[in-house]
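S.K.: here are the coordinates; sequence isn't available:
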């Protein structure tokens, strides 16, 4: 009986829920958190690019917070890493790119429910490396600024 | 898989650290070592630890050391610089002994070299602000 209830619950649970675009994001947003830590920390969404700027979004949930009521720095760096890694892969066409270094300034607090957006720019691309920067904003509020270096592998 | 003998779970209060933890520690305030056992939640599709998880572990470990260094005043990360030296994999035990480079009235500088079996895999330097002090 107990087993049946569990099975029914499992089947009744809307499986597509995670890929439904959250309120506040454009319908064209694409969930890029398909597994591993990316999914555990995410979900992270790819938004349509604006000219040279590649955009990603994360909706701040309870699990992303610190005890002071702000978004955790580790999550902000994770978001920056994923957004810039995706961009490094996209612009290089390489299946894999590895983060070599990443620097992050924590400019202001992100809050629960914020839609954080990472605006990623390519500073320079060489045969083997990609130099990137990302501004992480919540609307008009600046939350973090990150730069990093990716090796094309 | 758990921590090596002598390590006990660090008391975590940040929801994101609880979400990705546990992390472990050994030793006395001011000279603590911190450790993380890499599990399947922490890795990429290729079984290598995600850079974001390393940076989160670093923020947590440096944060604990910073908090100890300012007698448990409120403090926040202002800046963190990370260098990814080599991959760590699921099952690996990562260890760091955070080093307080300098403490000023309102700022603290901390760095750390992270190792697996004694080999450096990741290194950070960070700047912390003690809140409520000019």
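M.R.: Sure thing, it's come through. Computed from a predicted structure; not experimentally measured.

S.K.: so after the longest helix anywhere in chain B, what's the next helix or strand?
M.R.: For chain B, the longest helix by residue count, based on DSSP state H, is helix B:51-69. Sequence-wise, the next helix or strand downstream of helix B:51-69 (DSSP states H and E) is strand B:75-84.

S.K.: Quick check: next helix or strand after that following strand?
M.R.: Per DSSP H and E, the first helix or strand lying C-terminal to strand B:75-84 is strand B:93-96.

S.K.: on contacts alone, who are the packing partners of the helix or strand following that next one?
M.R.: Moving toward the C-terminus from strand B:93-96, the first helix or strand encountered (DSSP H and E) is strand B:99-103. Applying 3 or more CB pairs under 8 Å, 6 or more residues apart in numbering or on different chains; DSSP states H and E, one finds that strand B:99-103 makes contact with helix B:51-69, strand B:107-116. To be clear about C-beta, it is placed using only N, CA and C from the backbone, and glycine gets the same treatment.

S.K.: quick revisit: now the longest helix of chain B: average pLDDT?
M.R.: For helix B:51-69, mean pLDDT is 96.

S.K.: Now tabulate the helices and strands packed on strand B:99-103 in JSON lines and tack on distance to chain A and mean neighbour count.
M.R.: Shown next, in JSON lines, are the helices and strands packed on strand B:99-103 (distance: least, CB to the nearest CB, whole Å; neighbours: other CB atoms under 10 Å in any protein chain shown):
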{"stretch": "helix B:51-69", "distance to chain A": "3", "mean neighbour count": "25"}
{"stretch": "strand B:107-116", "distance to chain A": "13", "mean neighbour count": "19"}
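
S.K.: Rebuild the ones you listed as JSON lines, extending it with distance to residue A:137.
M.R.: Shown next, in JSON lines, are the helices and strands packed on strand B:99-103 (distance: least, CB to CB, whole Å):
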{"stretch": "helix B:51-69", "distance to residue A:137": "19"}
{"stretch": "strand B:107-116", "distance to residue A:137": "25"}
